[in-house]
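Engineer: attaching a predicted model along with its sequence, questions to come.
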Amino acid sequence: MIKSRWFQYLFWTSVKIGLVFSAVIALYAIYLDASLSKHFSDKRYQAPALVYAGEVVLARNRPMSLPQLVNTLDRAGYVRNSNTEQSGYYSVADSHVMVHRRPFDFSDGPQMAQRVRVNFRGERIESIESWPSGAKLERFRLEPELIGRISTLSKEDRLLVGLEVVPNLLIEALLNVEDREFYHHQGVSPWSILRALVANIKAGRTVQGGSTLTQQLVKNIYLTREQTLWRKFHEAMMSLVIDYRFDKNTILETYLNEVYFGQDGRNAIHGIGLASQFYFGKQVQELNPDEIALLVGMVKGPSYYDPRRFPERARERRDTVLKVMFANDLLSRESYVAAVEQPIDVKESRRLVEHPYPHYMDLVRREMKRIALPENWQETGLKIFTHLQVDVQNAVRRSLAQRLMAGDADQQVEGAMVVANYRRGTVTALAGARLSQAIGYNRALLALRPIGSLMKPIIYAAAMQDKGIGLHTPVADEPITLPGKDQTEWKPQNYDKEFKGSLLLYDALVQSRNLPAVRVGMEVGIEGLASYLRELGVVTPIDSYPSMTLGSVSLSPMAVTRIYSALMNDGRYQPLAAVSSITTHQGETLYQRQEPEQKEVFDKTVSYLTRYGLHGVVAEGTASRLQDALAGQIVGGKTGTTNDYRDSWFVAVDGEQVITVWLGRDDNQPVGLTGSSGALKVAADFYGYLPPMSIALDVPEPLVMQNFHPTTGQKIPDDCENGRKLPAEEIRLPADITCEGDIREKSWWESLFGG
């Protein structure tokens, strides 16, 4: 009787405890369902912003040599091989290159792999043919290079990929190795746990794990790696909830984007999409069977099976996975044998971004702050497509290094360089220091330095715009005294301390004479010049003093580039941009740069005359040293030197680019360099790497070439050898004018400007 009561007591107590335990479990499951499901739907992981250079566009008749294309392909990780049937390979013949482009999600949509033959004639692309059809193509794009990333707060890098782009072979291999019953269990597999327990007992150590992919996913996203019963229970409950709430494909896709594959410095590489690029430089859909097996094998322990540190260990693990793939009929015998015989072939670099461009990335980050993006962009990740041209950026890096890193160079001299396409309004390269690949102070954007004689083309353009004068107008190279700062007198001087009396505006610009620029600038007006600078994009403070006419205004190299871009772009100002477009990792467009509205600051005639004058600076003036680097091409430029040789400036302008170079010291001490002996040489080195495109100097209507007297500016007969042939609106020539001109009273223009 006592036993019966005791058993009844135990039974009902157990029932009550069981009910309480079940209620607790149910409440806990409800809590997990409420909190976990929403988090898993919206915030499973964070994805970085991956930043890409501009596309490499091959076009018929475009200037590009065969070696240049080969260099581009090598830099992009293409493999040179006589067999180009596989994407990512290329071959070279005497006058053509066969390229099999990789598949890539461009900013305007995905493009499949495509093979083309690029035919060359000299330094140009003669034609492009789709292969093997032979269909003629006008243009062909290569995928852009990854140049940087903006990481999440979690320091986790991943490239989100949809299940549809992941090879079936990879999915099947992963499931066979890690979780064969994935599509048949409810998030937890008791049989897998039991099987692993038996295997571990037999081996006397841990040789198998019983966790499903869902459990691994939960552990990676939400839990720590501590080995406790409570954590395992928590993991199992969360796995059951996720499996109940989400379909298997969603869970599998999340796993493929979450699984850990190693470290890139302080950043963790997650997901199969980025791992394929990190180890093989490929898109995931390009992976070969041996590469798939290696990545699947690394899931078990990416550090332990790191193919760069432990190649033999990694190969052994890869071959084990290949055996599983063969045993489950995922590979034919021939494919299995071929895959096993492959060596471990991964990228040598341990960096996802092999060639960082920190100063250009700084510009990208600044632009992103002005672009309206979703606050939760880290949930989808970003692909940022830029206008950076890698070959241009490399030429900038090499040309700065060639001058500033030489053994006899002053190690205190710093430099900055900006290259922009003035027609498209894009920044194609930028360096903010002598070590352009080192993170640090970005002088291209932040250093405000007096611009010296770079101000003169702006002054003359403003005078031609406001006063109706031209390159043939005589100006006075004579002493002048003006009020300076603090009620002092300012007596500007020419570089050579001499005075030439009267000379044409063209010659004043070409020879960079100071006093004519001061006189003309004062006639335009200091406030007028300041207004023009603001219209040309200057946003920093401007001190409105007469010394502005000789470049006392302090600007950054980027601001100078904006100004000269407008001068070259038919006088129209437009902002310079680094970012072209932004998409999510899945290809949804979030931002597309529109053609910017251009504001006319100078009319086309004034722009042409300024361009013609800048060409004269290189052809016969202070920048004539540049001629040796031009290979017969026609370019323009302007030197700039500040007081005591503290700043050396040079701006080069060609048929599509503005190149701004600054050299100086951060402590503002003299560097002993003029614009022509310092910055100009950097630009010359740049053109040695990338020859320029000629400026178009065809004289537009209503201008015509005419002959002018070199001091009076009067039109004289065309056969006069002492004249200056310059573009100007047509002037009627009186019948009695000789080569010496007409002796007469000065016109009011000549009285105004001298002569």
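Structural biologist: Okay, I see it.
Engineer: so where do the helices sit in the stretch 1-150 of the chain?
Structural biologist: 2-42, 66-75 (DSSP state H, counting those that start in this stretch).
Engineer: which of those comes out lowest on mean pLDDT?
Structural biologist: Ranked by mean pLDDT, those end with helix 2-42 at the bottom, a mean of 61.
Engineer: list the contacts for Val161?
Structural biologist: By Cβ atoms under 8 Å, 6 or more residues apart in numbering, the contact set of Val161 is 256-257, 271-273, 284, 585. The way it works is simple: take the backbone N, C-alpha and C, and place the C-beta from them, glycine included.
Engineer: isn't Tyr45 up against Leu217?
Structural biologist: No: the criterion here is Cβ atoms under 8 Å, and Tyr45 misses it with Leu217 at 10.2 Å.
Engineer: so those two - more neighbours on which side?
Structural biologist: Legend: neighbour count by other Cβ atoms under 10 Å for Tyr45 and Leu217, higher for Leu217 (26 against 19).
Engineer: so how far is Ser453 from that one?
Structural biologist: Going from Leu217 to Ser453 by Cβ to Cβ, to the nearest Å gives 64 Å.
Engineer: got it, and Arg117?
Structural biologist: For Arg117 relative to Ser453 (Cβ to Cβ), the value is 50 Å.
Engineer: who's more crowded, the two?
Structural biologist: For Arg117 versus Ser453, neighbours defined as other Cβ under 10 Å are more numerous around Ser453 (24 against 19).
Engineer: SS state for that one?
Structural biologist: Using DSSP: H, G, I helix; E, B strand; the rest coil, the three-state assignment for Ser453 comes out as helix.
Engineer: what does Leu726 give?
Structural biologist: Three-state call for Leu726 (three-state DSSP): strand.
Engineer: that one and Pro710 touch, don't they?
Structural biologist: No: taking contacts as Cβ under 8 Å, Leu726 lies outside contact range of Pro710: 10.3 Å.
Engineer: need the overlap of contacts for these two.
Structural biologist: Common neighbours of Leu726 and Pro710 (Cβ under 8 Å, 6+ apart) are Leu504.
Engineer: ok, these two, which is more surrounded?
Structural biologist: It is Leu726, of Leu726 and Pro710, that has more neighbours when counted by other Cβ under 10 Å, with 24 against 17.
Engineer: who does the more buried one bridge with?
Structural biologist: Going by DSSP bridges, Leu726 is paired in beta bridges with Gln706.
Engineer: got the contact list for it?
Structural biologist: 470-472, 504, 506, 612, 705-706, 708.
Engineer: among these, which lie within strands?
Structural biologist: Mapping the contacts of Leu726 onto strands (DSSP state E) picks out 504, 705-706, 708.
Engineer: mind putting these in JSON lines, pLDDT and distance to Gln186 included?
Structural biologist: Putting the ones in strands among the contacts of Leu726 into JSON lines (pLDDT from 0 to 100; distance: Cβ to Cβ, whole Å) gives the following:
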{"residue": "Leu504", "pLDDT": "97", "distance to Gln186": "90"}
{"residue": "Met705", "pLDDT": "96", "distance to Gln186": "87"}
{"residue": "Gln706", "pLDDT": "95", "distance to Gln186": "91"}
{"residue": "Phe708", "pLDDT": "94", "distance to Gln186": "92"}
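Engineer: out of these, which end up buried?
Structural biologist: Buried members of the ones in strands among the contacts of Leu726, counted by 16 or more other Cβ atoms under 10 Å: 504, 706, 708.
Engineer: how many neighbouring residues does the closest residue in space to Val671 that isn't next to it in sequence have?
Structural biologist: Distance criterion Cβ to Cβ, 6 or more residues apart in numbering; nearest residue to Val671, sequence neighbours excluded, is Val413 at 5.2 Å. Val413 has 19 neighbours, counted by other Cβ under 10 Å.
Engineer: show me the shaky parts of the chain.
Structural biologist: For the chain, the stretches with pLDDT under 70 are 1-39, 41-44, 190-210, 222-231, 234, 407-408, 436-438, 742-755.
Engineer: could you chop it up by domain?
Structural biologist: Using automatic domain parsing, the domain parsing of the chain gives 2-42, 50-145, 152-210+248-341, 703-753.
Engineer: including distance to Gly678, could the ones you listed go into TSV?
Structural biologist: Listed next are those as TSV, based on distance: least, Cβ to Cβ, whole Å:
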stretch	distance to Gly678
domain 2-42	55
domain 50-145	29
domain 152-210+248-341	36
domain 703-753	30
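Engineer: how about Lys219, secondary structure?
Structural biologist: helix.
Engineer: pretty sure it sits against Leu213.
Structural biologist: No: if you go by Cβ under 8 Å, Lys219 and Leu213 don't touch, sitting 10.7 Å apart.
Engineer: the more surrounded of these two?
Structural biologist: Applying other Cβ under 10 Å to Lys219 and Leu213 shows that Leu213 carries more neighbours, namely 25 against 18.
Engineer: got the contact list for that one?
Structural biologist: Going by Cβ under 8 Å, 6+ apart, Leu213 touches 174-175, 178-179, 182, 251-252, 255.
Engineer: mark which of those residues are part of helices, please.
Structural biologist: In helices, judged by DSSP state H, the following of the contacts of Leu213 are found: 174-175, 178, 251-252, 255.
Engineer: and the spatially closest residue to Ser335 that is not a sequence neighbour, how far from Lys456?
Structural biologist: Spatial nearest neighbour of Ser335, chain neighbours left out: Pro289 (5.9 Å); criterion: Cβ to Cβ, 6+ apart. Pro289 sits 66 Å away from Lys456, taking Cβ to Cβ as the criterion.
Engineer: ok, those two, which is more surrounded?
Structural biologist: Set Pro289 next to Lys456 and count neighbours by other Cβ under 10 Å: Lys456 wins out with 28 against 25.
Engineer: hang on, the more buried one in a strand?
Structural biologist: No: going by three-state DSSP, the assignment for Lys456 is helix, not a strand.
Engineer: would you check that it makes contact with Leu515?
Structural biologist: No: between Lys456 and Leu515 there is no contact under Cβ under 8 Å: 11.4 Å.
Engineer: and the residue nearest to the spatial centre of the chain, how far is that from Met112?
Structural biologist: Among the residues of the chain, the one closest to the centroid is Leu388, at 3.7 Å (Cα atoms, centre = their mean). Leu388 sits 25 Å away from Met112, going by Cβ to Cβ.
Engineer: just the buried residues of stretch 520-532, please?
Structural biologist: So, applying 16+ other Cβ under 10 Å, buried residues of stretch 520-532: 520-521, 523-524, 526, 528-530, 532.
Engineer: looking at those residues, which is nearest Leu550?
Structural biologist: Distances from Leu550 to the buried residues of stretch 520-532, taken as Cβ to Cβ, are shortest for Gly521 (8.4 Å).
Engineer: need phi/psi at the closest residue to the closest one other than its chain neighbours.
Structural biologist: Closest residue to Gly521 apart from its sequence neighbours, by Cβ to Cβ, 6+ apart: Thr549 at 3.4 Å. Thr549 has phi and psi values of phi -60, psi -20 when expressed as degrees, to the nearest 10.
Engineer: my read: Thr549 touches Met455, true?
Structural biologist: Yes: assessed by Cβ under 8 Å, Thr549 is found in contact with Met455 at 6.7 Å.
Engineer: what sits in contact with each of these two?
Structural biologist: Common neighbours of Thr549 and Met455 (Cβ under 8 Å, 6+ apart) are 517, 521.
Engineer: contacts only, for the closest residue to Leu66 other than its chain neighbours.
Structural biologist: The shortest distance from Leu66 to any non-neighbouring residue, by Cβ to Cβ, 6+ apart, is to Phe120 (4.7 Å). Contacts for Phe120 (Cβ under 8 Å, 6+ apart) come out as 64-66, 69, 95-97, 126.
Engineer: so which of these are in strands?
Structural biologist: Among those, DSSP E puts 96-97, 126 in strands.
Engineer: tally of neighbours for His366?
Structural biologist: Check again: residue 366 is Arg, not His. Applying other Cβ under 10 Å, I find that Arg366 has 13 neighbouring residues.
Engineer: all set, thanks.
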